[in-house]
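Asks: Below are the sequence and a predicted model for it; my questions follow.
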Amino acid sequence: DSGVTQTPKHLITATGQRVTLRCSPRSGDLSVYWYQQSLDQGLQFLIQYYNGEERAKGNILERFSAQQFPDLHSELNLSSLELGDSALYFCASSVVSGSYNEQFFGPGTRLTVL
Amino acid sequence: GQQVMQIPQYQHVQEGEDFTTYCNSSTTLSNIQWYKQRPGGHPVFLIQLVKSGEVKKQKRLTFQFGEAKKNSSLHITATQTTDVGTYFCAADTGRRALTFGSGTRLQVQP
């Protein structure tokens, strides 16, 4: 158990819909990262938040958005869903001390778009 | 943008054989990390390498960071069935966001 929690575990929805994925980081970790892992694909970095502010952006579509709240939990919003958005979405957190940046991954949310 | 190539994509070995996966970056890295993802699981941090030419060992696993800080390798000696999974390198250019390699999936035949 990494200490990072993600809900829901599974999500099945239809094309065109909007969903929200939730992540609670490890206690004390200020940084939250979101990744997308498609079938047989590597991990694609989407976005990073640090203490409530956006820190880095990766290959995140305009239909996707995220935020980090004052209690440090984060939400990833996916809208106008397409079949190709079906994937595992991981959240990770880290404390980030100097150059040390070990990331702790949550169990993931499996999104299926029908 | 940042490119990280990882080879091989897949390797099937007999238990007891050695295994190596290689990672190459198009740019000089601040540091490189390695993660392992078991089937159906989430990535788990193995190690971070920071210094040029650094070599670190964890039991049967040996990690190396190239002199130019553009490549890295993970070598497993005498594989066991518990080593099964996908091994990812993750490159940090200093901007904190990690670029993951495509991963090497390791199968170990008992």
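Replies: Nice, thanks for sending it over.
Asks: Now do the strands in chain B.
Replies: Using DSSP state E, the strands of chain B run over residues B:4-7, B:10-14, B:19-25, B:31-37, B:43-49, B:55-58, B:61-65, B:71-76, B:85-92, B:98-100, B:104-109.
Asks: in the fifth one, what's buried?
Replies: Spelled out, it's strand B:43-49. For strand B:43-49, burial by neighbour count (16 or more other Cβ atoms under 10 Å in any protein chain shown) applies to B:43, B:45-49. (C-beta placed from N, C-alpha, C; glycine too.)
Asks: helices and strands around that strand, which ones?
Replies: For strand B:43-49, the elements it packs on are strand A:104-105, strand B:31-37, strand B:55-58, strand B:61-65, judged by 3 or more Cβ pairs under 8 Å, 6 or more residues apart in numbering or on different chains; DSSP states H and E.
Asks: and the ones you listed as JSON lines, adding mean pLDDT and distance to A:Val95?
Replies: Formatted as JSON lines, the helices and strands packed on strand B:43-49 follow (pLDDT from 0 to 100; distance: least, Cβ to Cβ, whole Å):
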{"stretch": "strand A:104-105", "mean pLDDT": "96", "distance to A:Val95": "9"}
{"stretch": "strand B:31-37", "mean pLDDT": "95", "distance to A:Val95": "14"}
{"stretch": "strand B:55-58", "mean pLDDT": "97", "distance to A:Val95": "20"}
{"stretch": "strand B:61-65", "mean pLDDT": "98", "distance to A:Val95": "21"}
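Asks: okay if I get these as JSON lines plus distance to A:His73 and mean neighbour count?
Replies: Conversion of the helices and strands packed on strand B:43-49 to JSON lines gives the following (distance: least, Cβ to Cβ, whole Å; neighbours: other Cβ atoms under 10 Å in any protein chain shown):
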{"stretch": "strand A:104-105", "distance to A:His73": "15", "mean neighbour count": "22"}
{"stretch": "strand B:31-37", "distance to A:His73": "23", "mean neighbour count": "23"}
{"stretch": "strand B:55-58", "distance to A:His73": "32", "mean neighbour count": "12"}
{"stretch": "strand B:61-65", "distance to A:His73": "33", "mean neighbour count": "19"}
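Asks: so can I have a markdown table of those showing distance to B:Asp92?
Replies: Below are the helices and strands packed on strand B:43-49 laid out as a markdown table (distance: least, Cβ to Cβ, whole Å):
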| stretch | distance to B:Asp92 |
| --- | --- |
| strand A:104-105 | 16 |
| strand B:31-37 | 5 |
| strand B:55-58 | 16 |
| strand B:61-65 | 12 |
